[in-house]
Structures are given as C-alpha cells and as structure tokens.
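>>> sequence and computational prediction follow.
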Amino acid sequence: MIDVRGLRKLYEDHLAVNDVSFRLQPGQICGLVGPNGAGKTTTMRCLAGLIPATEGTLRVAGYSIPHDLIEVKRRLAYVPDDPPLFDDLTVGEHLDFIGRLYGVSDHRTKGAELLRRFALADKFDAGATTLSRGMRQKLAIACAYLFDPVVLLLDEPMTGLDPPGIRQLLASIRERAAAGTTVIISSHLLAMIEDVCTHLLVMHQGRNRYFGRAEHLCEQFPEAKSLEEAFFAATDPGRNQEPKLTGTVSASGGVASPTVASPTVASTRAPIDAAPIDANETPAGVGEAVS
Amino acid sequence: MNRVAWDRPETHRMLVGLTLCRARFRVSRVVRRLRSPRRLVATSLAILCFLFYLVNGVFVFSNRAPADPDRLRLWLSGGMVLYALYHAVRCAWSRKIVDLEMSGAERLWLGGGPIHRSTLAVYHLNNVVVAALLKTFLLVVLLARDAEYPSLLFVGVLVSLLLLETVRLIIERGVAGMEGRGKRFARGATATVAGAVVTWILIRVASETPSGAPGWAYLINGFHAVGTLAATDSVQFFALPWLPAATLAVSESITAMTAASLGVSVALVPLSVIALVHVDRWSGRARERWERDRLRTRVDDRPSNAPRRANASVVDRVVASALDRLPSRWSGAGALFARQVANVRRYAGTVLFSFAVPMALSLSPLATGQISQRWFFVVGGIAMCTMLLAPPALRIDFRRDLKRMLLLRSLPIRPLPMAAGQLTLPILITIAFQVATISIAWWVVRPATSQVVLWSGMLAALAVFTFALENALFLAYPHHERTEGVAMMVRAKLTFLGKVVLIAFSVAMLLSWATICGRYLSDRWATGAFVAGSLAGTWAMAIAGVAAVAWCWSRFDVAHDIPPE
C-alpha cells in the first residue's frame, strides 16, 4: 500500500530526509516518531505529493509518485499539523466542497455524521475563523475521512484536541485500519500513539533509525524498560554516532532493514543485509542491527 | 506526465462554485461589519471617490478632445509590455518562489487534491476576474471618449488585463525554474533592459524639454516619453499578444477585422493559460533537476545542523553593540529592529535595485538649465519617491506581519516601542536613499547650507510620517500581502489620492509659512524662523504619525481584525 525506497529530500542545502525506506500493507498503522526536525513532516508531504522528493521511489496504493500523482491524491488524505482552512468558508461548506472534489456520493449525510462524531454538529454554519485550534483539527480530519481514503497521513493530529477528541480520533483510526486503510500517524510523543500503532518508524536527523513492528523496538534495546525508553535510546545522538542504514534493494526485491546501529547493540547482533522490511512479513530482519 | 493533463469540466465548475462561495462569504462579512464606525468611514470614502470618478468621467473626460485611435492602440499594448517588464525585473531579483500565488488552504486542499496544475491555473485566473472587471470599468470611464464603441473598448481592455495577469504568472513561474547561471542571466538581462528603458525616457525628456522650462513641462514630457516608448517597434514586437485586444478596443467601425480581432483576442486568454501550464510544468521539473544536482554535488550528506557562521559579521556586531546600549524600556524595539536587519540582509540586492530607479528619477532634473529649479525638483522628486515608491518597496513593517500578529501581540513590548521597532529600519533605509540623493544634488547644484539642512530634516520627517501613515492605515484596515479585488483597488486609489492631497497641502503650508516669515520678520531672522518652524511642524506631524501607529496597534484586535485569506 505504501512503498518508500531511498527517499531523500533536500531543502536548499539542508538534507531533511536521508535515505528512508519502509513498506506498509493495508490495515497497518505506522507511528512515525522522532524529535523535532527529524524529517517526519517532510516524509509525509513527499508521500502526499505536496512536495517532490529529491530522490527515491515512492508508491502509494499501487501508484507511483510523481508519475500517477492524481491517482495517488484521489486515494490519499493528508492532515497536517494545524491545518490551514479556507477562512471564507463555513464548516458545512468545507465538507460540501471536499465531497464534490472527491465525488463522494451522499456526502452531506456522511459529512453530518462525521461532524456529529467529532462534536462539531452545532458548528455547521460557523466560519472557519471562529473555530478553536482543536476544532480546526477535527474539521480537517472530518474532511479527510469524508472520501474514505485508502491511505491516511496524520501529522501530529492530536495537537490541540481535548481528551474526548483524542479518544475519538484514536478509535476512528483503529476502525479505519480495520476496514483496510493504511495509516501513518506522526507524533513527538510515542506514549500517545503506542496503543494504536502496529508499526513504528523512528526518525532522527532525517534518517530512519528503526522500522518494524512496535513491540520489537524494545527488543532492540534490552536495557529499555518501556517503548518510550527504547524510542529515546533509538534517537539518542550519543548512542548513534554513525548509524548505518542499508536501505538497499535486495536481490529478491525487498528492502534491507534500515535499523539502528547502536555501537553497544550492534556488537551483540549478527549483521544482516537484505532482510525485507515489508512490514507484514515476519520481522526476522527487523530489530536486527547492521554492523 | 509527458503531456499536459486537463481536468473534466465538472472539476472547473466545482472550483467556480468554490470561488463564488468564498465571494459570498466575503460580501456578507463586509455587510456585517459595515456597522463599525471605521468601516463606515472607509466605505463612505470609497463610495464618494467612486461617484466623483464617475461624475468626472461623464462631465470632464467626455468633453476633452479624443486621442488618435492608432496611438491609443499602441499605448494600450505597449503599456502592458512595460508593466510585464517591471514584473519580470521584480521576479528575477526576488528570492521568493511563489507557487501560483495559492494560500495555505489552497495549497493543502487543492494542491493536495486530485486536481491537475492546469486547473489550478484556470482557478487562479477565475479569482482575478472580478478585480479585472472593475479595473476595466474604471479605464473605460477614462477612455470612453477615445473609442467609437465603448462595449468593444470594454472587451479589449478586459482581455488585455487578463492576458497581462497570465503573462505575469508565466514570468513568475519561469523565473522560479531558474537557478545558477540562468538566474544570473535573467537578472542581468532584466536589469539591463530596465536600465535602458529608464535611460531612454530620461534622455527623451531632457531632449524634448527646453532648458529652464517649468516643472510641469517635465512631468508632461515624462508621460509623453513613456507613451512614445510604448509605441516604438521594439516594444510593439513584444506587445504582439496584446495587439488584437488593443485593435478591438479602438475599432472605429464593425468590420470583419473587428470580428477577427474579437475572436483572436478572446482565444488568446485560454492560449496564454496553456502557455502558463507548460511553463509551470517546465519550472517544476527544472527545480527538481536542480535539487537532484545539488544533492549529487553535496560533499557531506549528513544533515547540516551545525551553525553556519561561527563568527558574527561586522553588521551583526555593530547592530548588537548598538542595541546593547538601549535602555531596557526600548530593548524590545531593539530586538524587533535586529530581526528586520536580518530580513533585509537577505534581500539587500532587491532593496538596492528598488531605490536605484527612484534615485535616477529624482536626480534627472539636474540635466536641466535653471539652477534654482533644479534643486527644488530634486527635492520634489525625493519627496514623491518617499511617499509613493518607498512604502511598497519596503514592506518590512507591520504590513508583512499579518500572519504573525498573535506572536507580536504576545511579546512583552509596549505599543510605542513596538511601533518604533517595526518602523525604524524601513525609515532608516529611506533616509539613506534621501541623504545619498541630496548629497549628489548638493555636489552638482551647491545650494545654500540652510537649504540642505531644511530639506534633509523635512524629508527625514516625511519618511517617518509616510511609514507611520501606511502602518496606521494597515492596522486600521488590515489586508493580506497578495490580496486582489475590488476593496484593494479602491483602497489603493484612495491611499494614492490621500497622499497627493497631503503633498499639495504640505506645499501650501510651507508657502504660507514662508510668506508669514517674509512679511513679519526681518531678513536676518526670516530664514532661521522658516527653517526652524518648518522642521518643527513636519517633525510634529511625524511624531504624531508614530503615536497614531502605537494607538492603532494597541486597539488591533487579533480575533476580529485579521481578514480571511
């Protein structure tokens, strides 16, 4: 569903994303985590086709970016952190417009249901500028859900949401994944999303530090007592002086596991080169260090 | 991806629906807010201005001698080329890359939606139609006397303006796709052509105006020179796309040629959109190619998080040292000033170029014969440039910070230091321009010292007053940077009119004060009193202007005053 190989993105002379590879299947929820400036948003924007990748192969729902960009956009929804809305449209008009844009049949009924679910029903006629930060976030998510995308990219979706809103959002993400949607959800805070994620992609300074099933991140760092501690260990610059990521395509067409190469961990593990990172495969290579 | 793709008509209809929906919201917002006194004042002024223009059009413009249709045709098409040239210079020297001038919401929901770039180009053009219609209407009122068929004039002017808008975007996207040698060539070429145009006009004015002629003769001949330039073969060569519309606008009879002109000029609009789409596609690909090349030539592929400059530059050190000496009450203003300095350093080339042309224009009277008038014309030129050209060239004050108003509001800075921090740098740059121009004029003309002191002081006060006025108006009636439309056009006209009235009023006040000093004071005291009084008066106005900015800022309501983007 999502297949990224060797993604690199250069802004002026700053390499924001460096050789990131991963693959996700339908129904999987991937937590894209990392500190500020890790390259999470850039990775998402490249996947959404909003900015072109400098290098790399990106495929979404079987379509290639940038060659089948319109087909990708038809099937993908991206909700950025603090989403910009049309200041001169009401809540209802936003949903109406998105419904028409994506050719959603009966979009009014569906839109009303989404508004009810996200506690925005009484804001139907309110202008976008009158909404609070959290309400704007909810409206953008409702717009994204309206056309049932097969790939959903949520960039820091919980920022500004109230606790019931967060609970509702996480529940809706699980439901969508159960229905076959592939979801990437980015966050600085692993603790907020660890319950919902089947997979984790840990990024630091533009590089892929770990990709694989969420539960295997702890195995990577035996000394870590929780997933969050393992995440901190993975993104600790002191531990990862020179992380080596293979990210090369294997002879079988898989992508080598881009896992961490913590000097302390690497010495205890056998090197692997061409383990597939296809996330629904047995994570034999995932969690393994590369010497 | 090898050929340009187009969306189905339903997509275009849906986007027209979006434009109409947004327009409806804006209109209802305007109507809702009309009850507020300051909106009521602005609306009343706009209506009065509009009525005055209309009445003037009916009773004054319609009674003048009609212009020669051939000349009007050449002016219309050539004028568009000159505007396109101005825009090309701006684009080539700007470091900002604009993507079809879309807002954040448009970039996300339209740019991220299943819509081809071609549709976005059409959408942009649809969004400027209303503004183009109003501009056309105003121009038709002015030119109706010169055309046999006002309806054809209307269509011709409207098509010309829409074509100009598309050409503007083509230039913008074309320049966005350039880097390295191509960009340097574009900068050199546009600067050379613009320089040649200005030189041509100056030489023409100097040769056509007899030595010692009054000031208005230079102004009239200046307009005449621009008209003559627009009609030259070289400009007309580039005006080819506008020729059918210009021919249509001045048609003297309905013939097959008129029908052909109508057909071609209307057809040129979609053709220009096709050209825009092709240039946009080329531009996008070129940028990707440049990016890949840069990636290949990078020595180190690790993210560069290390600070770029270990040592601060001389400018940084001087600014920092000066700001450190500020009293704590004004340290906030100092911080804002330092931020503006950092911004301006990135655009230093553009700023210098923006002031090179006004300087050349201001100094042009030095080529005339009368010594006494030369000095006053230079000073007059500087005053005009300070009031009319400097504010749009230096939008580095409140006008650039509409999206950051909440952040500014959250800073622990009181209104007066806030106004000072935001306004100081553009004012200093303008004063630097004034001092440089006055110095050259002084070196050539050698006026009396009192004259230099008087005008340097008054022009500096004018710079303060001008930027204060612009910012006070902006805070009272804020708008986004690239806003188009009826309100913006009326606002621009009213502001221009207001400035012209202000200049005229200031000149009248100065003359009155000079008369009073001459009549009631002895020769010994008259000059000193005139200089001191004039400086005190103008600086009092300037300080009042800054106080007005501080007052407007203290009343600025982040929740209500920021208009929809």
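Looks like it came in fine.
>>> how about the strands in chain A?
A:2-11, A:14-24, A:29-33, A:55-60, A:63-65, A:76-79, A:151-155, A:182-187, A:199-204, A:207-213 (DSSP state E).
>>> same list, those strands, but as JSON lines with mean neighbour count please.
C-beta here means a position set from N, CA and C on the backbone, and glycine is covered the same way. Output for these, formatted as JSON lines (neighbours: other Cβ atoms under 10 Å in any protein chain shown):
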{"stretch": "strand A:2-11", "mean neighbour count": "21"}
{"stretch": "strand A:14-24", "mean neighbour count": "23"}
{"stretch": "strand A:29-33", "mean neighbour count": "26"}
{"stretch": "strand A:55-60", "mean neighbour count": "20"}
{"stretch": "strand A:63-65", "mean neighbour count": "18"}
{"stretch": "strand A:76-79", "mean neighbour count": "24"}
{"stretch": "strand A:151-155", "mean neighbour count": "24"}
{"stretch": "strand A:182-187", "mean neighbour count": "24"}
{"stretch": "strand A:199-204", "mean neighbour count": "27"}
{"stretch": "strand A:207-213", "mean neighbour count": "27"}
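>>> to residue A:128, which of the ones you listed lies closest?
Of all those, strand A:76-79 sits nearest to residue A:128, with 14.7 Å by Cβ to Cβ.
>>> give me the low-pLDDT residue ranges for the stretch 1-150 of chain B?
Applying pLDDT under 70 to the stretch 1-150 of chain B flags residues B:1-3.
>>> does the longest helix along chain B come close to chain A?
Taking DSSP state H as the criterion, chain B has its longest helix at helix B:256-297. Yes. Against chain A, helix B:256-297 shows contacts by Cβ under 8 Å from any Cβ of the partner chain at B:284, B:287-288, B:291-292, B:294-295.
>>> specify the angle between that helix and strand A:2-11 in degrees.
90 degrees (axes from the mean of the first three to the mean of the last three Cα atoms, to 10 degrees).
>>> which strands and helices sit next to helix B:256-297?
For helix B:256-297, the packing partners by 3 or more Cβ pairs under 8 Å, 6 or more residues apart in numbering or on different chains; DSSP states H and E come out as strand A:2-11, helix B:117-143, helix B:150-176, helix B:243-249.
>>> between the strands of chain A, which one is nearest to residue B:396?
strand A:2-11 (23.5 Å).
>>> relative to strand A:14-24, how tilted is the closest one?
Using the same axes, to 10 degrees: strand A:2-11 against strand A:14-24 is 180 degrees.
>>> on that earlier part again, is it possible to get JSON lines of the strands of chain A that adds mean pLDDT and distance to residue B:56?
Shown next, in JSON lines, are the strands of chain A (pLDDT from 0 to 100; distance: least, Cβ to Cβ, whole Å):
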{"stretch": "strand A:2-11", "mean pLDDT": "94", "distance to residue B:56": "52"}
{"stretch": "strand A:14-24", "mean pLDDT": "94", "distance to residue B:56": "56"}
{"stretch": "strand A:29-33", "mean pLDDT": "94", "distance to residue B:56": "63"}
{"stretch": "strand A:55-60", "mean pLDDT": "94", "distance to residue B:56": "60"}
{"stretch": "strand A:63-65", "mean pLDDT": "92", "distance to residue B:56": "57"}
{"stretch": "strand A:76-79", "mean pLDDT": "95", "distance to residue B:56": "53"}
{"stretch": "strand A:151-155", "mean pLDDT": "96", "distance to residue B:56": "55"}
{"stretch": "strand A:182-187", "mean pLDDT": "94", "distance to residue B:56": "60"}
{"stretch": "strand A:199-204", "mean pLDDT": "92", "distance to residue B:56": "65"}
{"stretch": "strand A:207-213", "mean pLDDT": "90", "distance to residue B:56": "67"}
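>>> reformat those as a markdown table; add distance to residue B:412.
Output for these, formatted as a markdown table (distance: least, Cβ to Cβ, whole Å):
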| stretch | distance to residue B:412 |
| --- | --- |
| strand A:2-11 | 33 |
| strand A:14-24 | 32 |
| strand A:29-33 | 35 |
| strand A:55-60 | 45 |
| strand A:63-65 | 46 |
| strand A:76-79 | 34 |
| strand A:151-155 | 32 |
| strand A:182-187 | 32 |
| strand A:199-204 | 35 |
| strand A:207-213 | 39 |
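>>> residue B:234 is nearest to which of the ones you listed?
Closest to residue B:234 of the strands of chain A, according to Cβ to Cβ: strand A:2-11, at 40.7 Å.
>>> sheet partners, orientation included, of the closest one?
strand A:14-24 (antiparallel), strand A:55-60 (antiparallel) (DSSP bridges).
>>> contacts for that strand, please.
For strand A:2-11, contacts defined as Cβ atoms under 8 Å, 6 or more residues apart in numbering or on different chains pick out A:15-24, A:39, A:42-43, A:46-47, A:51, A:53-60, A:151, A:182, A:184, A:247, A:249, A:255, B:291, B:294-295, B:298.
>>> of all the strands paired with strand A:2-11, which lies closest to residue B:112?
Between residue B:112 and the strands paired with strand A:2-11, the shortest gap by Cβ to Cβ is with strand A:55-60, which sits at 12.6 Å.
>>> up against chain B, what does the stretch 101-250 of chain A have?
Contact residues, the stretch 101-250 of chain A versus chain B (Cβ under 8 Å from any Cβ): A:101-102, A:127, A:129, A:143, A:205-206.
>>> farthest pair in the residues you listed?
Farthest pair in those, by Cβ to Cβ: A:127 and A:205, 40.6 Å.
>>> comparing these two, which residue is more hemmed in?
When neighbours are counted by other Cβ atoms under 10 Å in any protein chain shown, residue A:127 and residue A:205 differ, and residue A:205 comes out ahead with 22 against 19.
>>> and the helices in the stretch 1-150 of chain B, which stretches?
Counting by DSSP state H, counting those that start in this stretch, the stretch 1-150 of chain B has helices at residues B:9-33, B:37-59, B:69-93, B:104-105, B:117-143, B:150-176.
>>> from the contact counts, what lies against the third one?
On a contact count with 3+ Cβ pairs under 8 Å, 6+ apart, helix B:69-93 meets helix B:150-176, helix B:180-208, helix B:215-231, helix B:233-238, helix B:243-249, helix B:348-363.
>>> pick the most deeply packed of the helices and strands packed on helix B:256-297.
helix B:243-249 (a mean of 26; mean count of other Cβ atoms under 10 Å in any protein chain shown).
>>> picking that back up, export the helices of the stretch 1-150 of chain B as a markdown table, with columns for distance to residue B:398.
Putting the helices of the stretch 1-150 of chain B into a markdown table (distance: least, Cβ to Cβ, whole Å) gives the following:
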| stretch | distance to residue B:398 |
| --- | --- |
| helix B:9-33 | 20 |
| helix B:37-59 | 16 |
| helix B:69-93 | 22 |
| helix B:104-105 | 20 |
| helix B:117-143 | 24 |
| helix B:150-176 | 26 |
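>>> give the contact list for residue B:390.
Shown in contact with residue B:390 (Cβ under 8 Å, 6+ apart): B:355, B:358, B:426, B:429-430, B:433, B:463, B:466-467.
>>> closest residue of the stretch 101-250 of chain B to chain A?
residue B:104 (3.3 Å; Cβ to the nearest Cβ).
>>> contact partners for that residue?
Going by Cβ under 8 Å, 6+ apart, residue B:104 touches A:84, B:565.
>>> any idea how far it lies from residue B:408?
To residue B:408, residue B:104 is 19 Å away according to Cβ to Cβ, to the nearest Å.
>>> ends of stretch A:33-50, what's the gap?
The first and last residues of stretch A:33-50 sit 20 Å apart, counting by Cα to Cα, to the nearest Å.
>>> I meant to write stretch A:191-206 there.
In stretch A:191-206, first residue to last residue: 21 Å (Cα to Cα).
>>> all good on my end, thank you.
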